[in-house]
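[1] Here is the input, now give the coordinates:
(one chain, ligands or ions: 1)
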Amino acid sequence: MSELIARLHHAFRWDCDECGRENFERAISLEKGYLEGKITVDNDEDSDYVLYPAIVVCEHCTAQFLSSFNGELEIEEDE
Ligand SMILES: [Zn+2]
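    A predicted model of the protein is given here:
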């Protein structure tokens, strides 16, 4: 086994509705210190905040979709 360390990152998995294949989007991590002063941070945990991209593109067939997580759209469809 290699002695190099694989650094894991948060990611979102989604399935393409055009070609049916699996895709992964790397999560956008914001450090808690960056957000403090910009928004009210009421989470005392020392964890980073994770965002997902508003639009995703299938790496297999290049179809483009608005993204949602837990059924919530990041942006409104009529914008
Ligand atoms: Zn696809």
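[2] any low-confidence regions in the chain?
    By pLDDT under 70, the low-scoring segments of the chain are 32-48, 73-79.
[3] need the helices for it, in chain order.
    Under the criterion DSSP state H, the chain carries helices at the ranges 32-35.
[4] near the ion, which residues of it?
    Within the chain, the residues that sit near the ion (CB under 5 Å from the ion) are C16, E18, C19, C58, H60, C61, A63. In this view, the C-beta of every residue, glycine as well, is placed from N, C-alpha and C.
[5] what pairs with Q64 across the strands?
    For Q64, the beta-bridge partners are V57 (DSSP bridges).
[6] just the buried members of the residues of the chain next to the ion?
    Buried residues within the residues of the chain next to the ion, defined by neighbour count using 16 or more other CB atoms under 10 Å: C16, C58.
[7] mind putting the residues of the chain next to the ion in a markdown table, distance to S2 included?
    Formatted as a markdown table, those follow (distance: CB to CB, whole Å):
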| residue | distance to S2 |
| --- | --- |
| C16 | 32 |
| E18 | 37 |
| C19 | 33 |
| C58 | 31 |
| H60 | 29 |
| C61 | 33 |
| A63 | 36 |
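[8] of the residues of the chain next to the ion, closest to L30?
    Each of the residues of the chain next to the ion was scored against L30 by CB to CB, and C58 proved nearest at 25.7 Å.
[9] ok, now how distant is the nearest residue to that closest one once chain neighbours are set aside from A63?
    Of all residues beyond its chain neighbours, the one nearest C58 is C16 (4.1 Å), with distances taken as CB to CB, 6 or more residues apart in numbering. Applying CB to CB, to the nearest Å, the value for C16 to A63 is 6 Å.
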